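[1] Sequence first, predicted model second:
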Amino acid sequence: MKKILSLLSVIFLTFGCYDDSDIRNELRDHEERLAKLETLCKQMNTNISALQTIVSTLQKNVFVTAVTPIKEGSDIVGYTISFSNSESVTIYHGRDGVDGEDGTDGADGVNGTTPSIGVRQDTDGIYYWTLDGEWLLDATGKKVQAVGRDGSDGAAGEDGSAGSDGEDGKDGEDGKTPQLKIENGYWLVSYDGEKWTQLGKATGESANLIGITQDDKNVYFTLTDGTVISIPKGNGGSQDDEEGGAGDGSQTISKGPITLSLGEVTATTATFTARLDVDMMADYQEVGLVYSKDDNMDVESETITKVKINKESYSETFTGLQYDTDFYYTVYTLRNNVYSYGATQTFKTADVTISVDDVNVTNTTATFIGKVIRDDVDASVKVGIQYSAASSFESTSSLEVTPEEDGAYNVTCDGLYIATEYYYRTYVCQDGVYEYSEVMTFTTEKVPVTIAVESIDKNVVTFKGNVQFSETGVIEIGVQYYPKSTTSQSAGIQTKTINEISENGDFTVEISGLLSDTEYCWQYYLLQNDVTIVGLLQTFEIEDLYNVQSYLNMSSASDLSSYASANCYIISESGLYKFKTVKGNSSESVGSVASASILWETFGTSTSPDHLELIDGVCYKGDYIAFKTADTFKEGNAVIAAKDADGNILWSWHIWLTDQPQEHVYKNDAGTMMDRNLGATSATKGDVDALGLLYQWGRKDPFLGSSSISSSTLAKSTITWPSPVSLTSSTGTVDYVTSHPTTFVKASSSPYDWHYSSRDNTLWTTSDKTKSIYDPCPSGWRVPDGGDNGVWSKALGSSSSFTQSSLYNSSNEGINFSVKFGSASTIWYPASGYRRYDGGLNDVGYGAHYWSASPCSSSAYILSFNYYGDVFPSYGSSRANGQSVRCLQE
């Protein structure tokens, strides 16, 4: 308990006599002494009155609201004690006593006594005055009361009987206040103001009437005789001074029977306690408290919170208050239907703050470290951090913060974009209303990536590199690439994801299936939540893989032309092969060959093979072209060309990678036909691989067919084919189509032949029906005869067309001619459609046209059928059309 101050006792002193020499000395200060005694007398009477007031507060719900020092110059001479019922008392410090008068004739003066007036509670609960520790008695010998019986009021009246009003209660006996005065140099005391009793000579000395100490809740008054009186604290602590301490900040309001005290106030709560004088409540209808953020304390106000109090002792904590806000409050009474209010007091809720002391940032995370200052845990107030990649906070994420007991917090947001500036701010939210701090920023770390091309092998490029993630998050890393010549980067861009990264960040990534003779742009990328960050744009180049001369052992290669040469060679297993560079089935050299080249590869489907996926390498040496298939044999088609020193194509050969075709013997000695179309890798009905390739009449080089049995969609290959060219005197020649084997020559007028000059009817057959050098079929096979004496008319026994709707298989899109043409269980002719003389693919799944080698006036004979079941064994078709070929055994 802190010692605050000491106050003078009311002391009555008598002094001994002094000799003449002392009197002469005292006379010199006589006037000064009289002035001091008068001041001392006044202060003692004030202190006695103050003591009575202090005692009277014990019988009322009254609190000490302030202790204010009284100063004379720089000296504190006393204190003013303020109470919650608006009363106040003044208590003075003791001063040095006034010296006694000198004794007579040099004899020693008699020492004055030190009587003191105090109070003490008797067994009846009433406080009475004491003199020198004994009861102060009046003339009749009764103890003199310090306060009335009930503190102020008379005794209660007795209850009425038989409907009559009760008699008024007897007045309580008033408390009496002793008074002091000085006459003729002596102290006189009276308790009724009429009769005075002399006590002793008027001299004074320093002594304590009341000792005052305090703790957080009470002020304690200790009287000279050891009696302790405690009075609770209320609002408004005293101002600080060198001897007294500040009050505790609590506030008290009294009105009628209610005394309200404000207790603890936090950011969102306020605690009120109240006491009711039960006896006084009989005169009131209602009492309570009101509080509001407005200073209008009217109970009818819409902003007011009104709380009725009907307990003698009341305490309640109100929650959900707005933080950092001034509130007004008071008490109210309702008496005779009229509201009255006490003095309006205020309190302010504490602020709630959140600080960010540090932000630890990685590639994709940010950890906020800071402190929250709040003195409650009311759920109505939330604190946190908002962050966004946009300074406008249009797209915002939030982290709600739950601090530790000491207010410290540590929260992490993840999934951030790498190498990105973020904006953040703290917030305090109460009931959906946000208060934000100033905007601050942080930037996530970059992801260090090193990557370079390590090697290029044919159409495969290998990258090696290193990446350092501090947090991997949801980041994808890879390489994106596209041909430099691509007009639209977004349309041609491809990606290769890096899936395996070592512990130290090393990785290797391989990209295959690249286009031959193509320069590529490439860069690494980091993909995160659909946002891509890319590295430096660089290039690599894939050389013309089809023109690369492989180092092949010619002597160990199988010679496909050892029996007979042709424009088409069938390969059924992987290996090393060679053939003579002669024109078709002749022995005539194709010319001065400088190199060999692959022109294209295809599966005949909607999927394109990679470069060199079917033919792994070629070379020319000693009048032979050698080629090597891929180690893993795959079915499909390819074309290999011989070129001169200037790169011009001299001749080209079709490499047909398939199982060995079966022989179908047709009726009526019509001949033996293949079980499949030229270029087909299957003879199974309904199989897209059974469609094969398409040819313009008289040309040895194939064009792509469809990738579907039911729609006219070109199959994919490893090259971009040149656009069809219009028929001219320069394009409509055998030499031109021989040197441009991938170019379709379109005709725009009758007779719709790709050949410009007079028609050449011997391009696929001679006059004696011998296979020509431009025949596209493999060795031992040729394009069949057509017309009335052709293979299909013979097998049917007639060249006449017919209709048999049941023949066409609409589910597999084609016709099984096993009954019509021969004895085999299946002789499948798919509805492979055709390429019209303008170059467009048509009628796949609706019908087909199969070339014969036989001319028909300005056209050539074909076998034709459609999905209605119409069959035309001897039909004419324009020579510029690209159509299927089914080979006849020679």
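    That came in fine, so what should we check first? No experiment lies behind these values; they were computed from the predicted model shown.
[2] got the contact list for residue 818?
    824-827 (Cβ atoms under 8 Å, 6 or more residues apart in numbering). Backbone N, C-alpha and C define where each C-beta goes, glycine included.
[3] Please tell me how far the residue nearest to it when sequence neighbours are not counted sits from residue 76.
    In space, and not counting its chain neighbours, residue 818 is closest to residue 827: 4.6 Å by Cβ to Cβ, 6 or more residues apart in numbering. Distance from residue 827 to residue 76, counting by Cβ to Cβ, to the nearest Å: 130 Å.
[4] ok, those two, which is more surrounded?
    residue 827 (22 against 16; other Cβ atoms under 10 Å).
[5] tell me which residues form a beta bridge with the residue nearest the centre of the chain?
    For the chain, the residue sitting closest to the mean C-alpha position, by Cα atoms, centre = their mean, is residue 397 at 4.9 Å. Beta-bridge pairing of residue 397 under DSSP bridges involves residue 387.
[6] Equivalent analysis for residue 600, please.
    According to DSSP bridges, beta-bridge pairing links residue 600 with residue 639.
[7] what about it, distance to residue 578?
    Distance from residue 600 to residue 578, by Cβ to Cβ: 20 Å.
[8] Most neighbours among the contacts of residue 818, which one is it?
    Most neighbours among these, by other Cβ under 10 Å: residue 827, with 22 neighbours.
[9] what stretches of the stretch 201-350 of the chain score poorly on pLDDT?
    202-218, 220-228, 230, 232-250 (pLDDT under 70).
[10] first to last residue in stretch 582-597, what's the distance?
    Its first and final residues considered, stretch 582-597 spans 16 Å by Cα to Cα, to the nearest Å.
[11] coming back round to it: now for the contacts of residue 818: which two are most distant?
    825 and 827 (8.4 Å; Cβ to Cβ).
[12] mind listing the strands for the stretch 601-750 of the chain?
    615-621, 624-629, 636-643, 649-657, 663-666, 671-674, 695-696, 725-726, 745-746 (DSSP state E, counting those that start in this stretch).
[13] Chain neighbours aside, what residue packs nearest to residue 552?
    residue 626 (4.5 Å).
[14] Okay, domains of this structure per the record?
    Annotated domains of the chain cover 2-155+173-232, 251-348, 353-443, 449-534, 672-712+762-890 [automatic domain parsing].
[15] Highest mean neighbour count out of those?
    domain 672-712+762-890 (a mean of 21; mean count of other Cβ atoms under 10 Å).
[16] Quote the end-to-end distance of that domain.
    Per Cα to Cα, domain 672-712+762-890 runs 8 Å from first to last residue.
[17] what is the mean pLDDT for it?
    If you average the pLDDT over domain 672-712+762-890, you get 97.
[18] From residue 770, how far off is the residue nearest to residue 818?
    Taking Cβ to Cβ, one finds residue 827 at 26 Å from residue 770.
[19] again with residue 314
    For residue 314, the distance to residue 770 - Cβ to Cβ - is 126 Å.
[20] sorry, back to before: need the contacts of residue 818 in TSV (columns: distance to residue 775 and secondary structure).
    What follows is those, written out as TSV (distance: Cβ to Cβ, whole Å; DSSP: H, G, I helix; E, B strand; the rest coil):
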residue	distance to residue 775	secondary structure
824	24	coil
825	29	coil
826	26	coil
827	22	coil
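[21] which one of those is nearest residue 435?
    Checking the contacts of residue 818 one by one against residue 435 (Cβ to Cβ), the nearest turns out to be residue 826, at 83.7 Å.
[22] For the closest one, give its distance to residue 692.
    Distance from residue 826 to residue 692, by Cβ to Cβ: 16 Å.
[23] got it, and residue 436?
    For residue 436 relative to residue 692 (Cβ to Cβ), the value is 73 Å.
[24] again, but for residue 368
    Counting by Cβ to Cβ - residue 368 and residue 692 are separated by 69 Å.
[25] For stretch 874-890, measure first residue to last.
    Stretch 874-890 end-to-end distance (Cα to Cα) = 21 Å.
[26] chain center to it: distance?
    67 Å (Cα atoms, centre = their mean, to the nearest Å).
[27] can you pull the pLDDT of residue 38?
    68.
[28] re earlier: let me see the contact set for the residue nearest to the centre of the chain.
    386-388, 413.
[29] could the residues you listed go into TSV alongside distance to residue 529 and pLDDT?
    Converted to TSV, the contacts of residue 397 look like this (distance: Cβ to Cβ, whole Å; pLDDT from 0 to 100):
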residue	distance to residue 529	pLDDT
386	19	97
387	15	97
388	14	96
413	14	94
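[30] Same drill for residue 600 and residue 578, tell me which one is more crowded.
    Remark: of residue 600 and residue 578, residue 578 carries more neighbours, 27 against 24, as counted by other Cβ under 10 Å.
[31] what angle separates the helix or strand hosting that one from strand 649-657?
    Element membership for residue 578, per DSSP states H and E: strand 576-580. Inter-element angle recorded for strand 576-580 and strand 649-657: 140 degrees (by axes from the mean of the first three to the mean of the last three Cα atoms, to 10 degrees).
[32] Which neighbouring elements make contact with strand 576-580?
    strand 558-559, strand 568-571, strand 624-629 (3 or more Cβ pairs under 8 Å, 6 or more residues apart in numbering; DSSP states H and E).
[33] Out of those, flag the one nearest residue 278.
    Here strand 624-629 is closest among the helices and strands packed on strand 576-580 (Cβ to Cβ), at 112.8 Å.
[34] And the helices in this protein, which stretches?
    20-28, 30-57, 489-492, 734-739, 791-796, 818-821 (DSSP state H).
[35] sorry, back to before: reformat the domains of the chain as a markdown table; add distance to residue 616.
    Output for the domains of the chain, formatted as a markdown table (distance: least, Cβ to Cβ, whole Å):
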| stretch | distance to residue 616 |
| --- | --- |
| domain 2-155+173-232 | 96 |
| domain 251-348 | 78 |
| domain 353-443 | 42 |
| domain 449-534 | 8 |
| domain 672-712+762-890 | 18 |
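[36] among those, which is nearest residue 568?
    Closest among the domains of the chain, once you apply Cβ to Cβ, is domain 672-712+762-890, at 4.5 Å.
[37] Perfect, that will be all.
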